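K.L.:
Here's a sequence, model it:
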Amino acid sequence: MPATVAITGATGFVGRHLLERLRAAGLPIRALSRSGAIEGAATIAGDLADTAALAAFARDADRVVHLAGMVKSPDPDAFAGVNIEGTQRLARAMAPGRARLLLVSSLAARHPEVSAYARSKREAEAAALAVLGAERVTILRPPAVYGPGDRATLAVFQQLARGLLVAPGPRGVRFSLIHVHDLVELIAAELAGSLSLPPLLEPDDQRPGGYGWADIATIAGNTTGRKVRLVRIPTRLLRQPARLSDALARRFGLDLPLTADKLGELAHGQWVASGPPLPNLPAHITFEEGFGATLDWYKAAGWL
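P.N.:
Numbers count the residues shown, from 1 in each chain. Take a look at the predicted model:
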């Protein structure tokens, strides 16, 4: 493994799991943080807008894993400042050094036309490549990531546990999933040099054709022993509620689950990862295996 790995987004969902994995491997870790010191890492105080902090963060690092970013906002313009400009600043801070960048993007970047978030992730990839060149950048585009400690998918697990799943989007929607442990193991294997990744990879749990909402309901029902009723809602019926949600979020500073921007991604309907299979891929966790363990974690943590 490299001598020093520098991580942005170390306090986020994936970042916490990656930090734990790399700490267990005894790897020196440097983390960028705007919320105080991070246990087990040499912490650089600052964020993606702080060029001085980014310079200190990138200095003498062997590898940089970029996880930080904005996922949801009622203001479409907000994504550019964090995801695009923040990635560009990070790449510029890295440019004088030797470090290679592992950019954890999103499968949404495949279709930048569907949302401001998707467009910002695609343009963030382009910004990193423009500054550092293809030889110094590896891009991962994971689909929906779930697992212990994730708040983004908590609402879905709450519904499944109650036996009712409200599924927005068109009929026939298909999507890939990846358990957080699989994503972290993939990153750790790449850092260790035991896995050679292509310049752009869409990792998932290797289920052919991904999942539909009916698959998720069936898997949850089989695991809990309780039939899950599936209720489909066309995205056209959610446009006005999404606009109202955005207005309330802007007015009162609320973090509401539905935004007009995310509705664009839901309306697309096809989010199945693709790409060449990887040799020596770490063991993968299917939703059949991951659902029960994640549900148990939520219950033990008092989230359910």
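K.L.:
now the strand or helix carrying A217, how far from the centre of its chain.
P.N.:
Counting by DSSP states H and E, the element that carries A217 is helix 213-224. Using C-alpha atoms, centre = their mean, to the nearest Å, we find the averaged C-alpha position of helix 213-224 to lie 23 Å away from the chain's own average C-alpha position.
K.L.:
Which secondary structure elements does the next helix or strand after that helix sit against?
P.N.:
Scanning forward in sequence from helix 213-224 by DSSP H and E, the next helix or strand is strand 229-233. Helices and strands touching strand 229-233, as assessed by 3 or more C-beta pairs under 8 Å, 6 or more residues apart in numbering; DSSP states H and E, comprise strand 164-168, helix 213-224. Using the backbone N, CA and C atoms, a C-beta is placed for each residue, glycine as well.
K.L.:
and for the shortest one, what are the contacting residues?
P.N.:
Residues outside strand 164-168 that contact it (C-beta atoms under 8 Å, 6 or more residues apart in numbering) are 156, 159, 173, 213, 216-217, 220, 228-235, 238, 263, 266.
K.L.:
Then stretch 212-222?
P.N.:
Surrounding stretch 212-222, the residues in contact under the criterion C-beta under 8 Å, 6+ apart are 156, 160-161, 163, 165, 167, 169, 172-175, 227-230, 232, 287-288, 291.
K.L.:
same check, this time on stretch 79-96
P.N.:
Contacts made with stretch 79-96 from outside it, assessed by C-beta under 8 Å, 6+ apart, are listed as 8, 47-49, 51, 54-55, 57-58, 61, 64, 66, 68-70, 73, 101, 103, 116-117, 119-121, 123-125, 127-128, 130-132, 136.
K.L.:
mind running it again at 6 Å?
P.N.:
48, 51, 54-55, 58, 64, 69-70, 116-117, 120, 123-124, 127-128, 131-132 (C-beta atoms under 6 Å, 6 or more residues apart in numbering).
K.L.:
That one: end-to-end distance?
P.N.:
The stretch stretch 79-96 measures 27 Å between its terminal residues, going by C-alpha to C-alpha, to the nearest Å.
K.L.:
ok so, going back, give the buried residues for the helix holding A217.
P.N.:
Within helix 213-224, the residues that count as buried by 16 or more other C-beta atoms under 10 Å are 213, 215-221, 223-224.
K.L.:
Equivalent analysis for stretch 234-249, please.
P.N.:
Within stretch 234-249, the residues that qualify as buried by neighbour count (16+ other C-beta under 10 Å) are 235, 238, 242, 245-246, 249.
K.L.:
Nearest to I29 among those residues?
P.N.:
Compare each of the buried residues of stretch 234-249 with I29 using C-beta to C-beta and the shortest gap goes to A249, at 34.1 Å.
K.L.:
Now do the contacts for that closest one.
P.N.:
A249 makes contacts with 74, 256, as judged by C-beta under 6 Å, 6+ apart.
K.L.:
all helices for the protein, in order.
P.N.:
For the chain, the helices identified by DSSP state H occupy 13-24, 51-58, 78-79, 85-94, 116-132, 154-162, 180-192, 213-224, 239-252, 260-268, 287-300, in order along the chain.
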